[in-house]
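> here is the input, now give the coordinates:
(chains A and B)
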Amino acid sequence: MKCSLPLLPFNDEVMITAESLTDYIRRAIPDAKVSVTDRTGAMDHFNIRVVSDLFKGKNLLDRHRLIYNALDEPMKDGRIHAVEIKAETTDGS
Amino acid sequence: MADPIMQEIEEEIKKHKILIYGKGTKAMPMCGFTRETMQFFDRYGYPYEIIDVLPNPAKREALTKMTNWPTLPKVFINGRFYGDTDVLEPMEKKGELEPLLKEAFKNG
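Next up, the predicted model:
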């Protein structure tokens, strides 16, 4: 994914932490192993790697859609401006 | 009467074998990821088109609904949606992209 469009007024003083990003993802993908790295230091551009066997049998587009849906709220309120996503199963496929 | 925005999108997708909806233009990409997607395709040497959706929020929203994909850029190859480089790069690693592009440009 790349740049999202914050629809709600930009809420810049509230930054999202890696923990709450992980919580958002785990609500949709409970067994997910999530690693988050801040790409720019501004805590709104993230590399997110999600490993889960929920992805088995899902193509890449659908795996990423799962993650976007999980992150819908922080993307809409501007806490997340951009992410790069890796979505793999536990055996790395 | 079909939605004019959807008609416009469908025509664009048919017309351009590699089509990137993004921010800014080829000459002046306005977002690092749009530029990154251009560079990704530059390595293949096939022609591609950038369509700037920044000035057209209604079109941007229509694209988001149509693809169920909330972000930009959005890449279409041979009329089909492929997300962005987060999807194209793993496809490339698995050798799935080259044949797709060859097929798209096979009859010129």
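> for chain A, what's the nearest residue on chain B?
residue B:33 (3.4 Å; CB to the nearest CB). (C-beta placed from N, C-alpha, C; glycine too.)
> ok, residue B:35 touching residue B:29?
Yes - using CB atoms under 8 Å, residue B:35 makes contact with residue B:29 at a distance of 4.2 Å.
> residues of the helix or strand hosting residue B:35 that come out buried?
Applying DSSP states H and E as the criterion places residue B:35 in helix B:32-42. Using 16 or more other CB atoms under 10 Å in any protein chain shown as the test for burial, helix B:32-42 gives B:33-38, B:40-41.
> next, the closest residue in space to residue A:35 that isn't next to it in sequence: secondary structure please.
Spatial nearest neighbour of residue A:35, excluding adjacent residues (CB to CB, 6 or more residues apart in numbering or on different chains): residue A:49 at 4.6 Å. With DSSP: H, G, I helix; E, B strand; the rest coil as the basis, residue A:49 sits in strand.
> quick check on residue B:66: phi, psi?
Here is the backbone geometry of residue B:66 (degrees, to the nearest 10): phi -60, psi -40.
> can you tell me how far it is from residue B:21?
11 Å (CB to CB, to the nearest Å).
> same question, residue A:56
Remark: distance between residue A:56 and residue B:21 (CB to CB) = 30 Å.
> looking at the two, which one has more neighbours?
residue B:21 (27 against 11; other CB atoms under 10 Å in any protein chain shown).
> need the per-residue pLDDT for the more buried one.
With respect to pLDDT, residue B:21 scores 98.
> mind listing the helices for the chain?
You didn't say which chain, so I picked chain A. Secondary structure of chain A (DSSP state H): helices at A:18-28, A:60-70, A:72-76.
> actually it's chain B I care about, not the one you picked
B:4-15, B:32-42, B:57-67, B:85-93, B:97-104.
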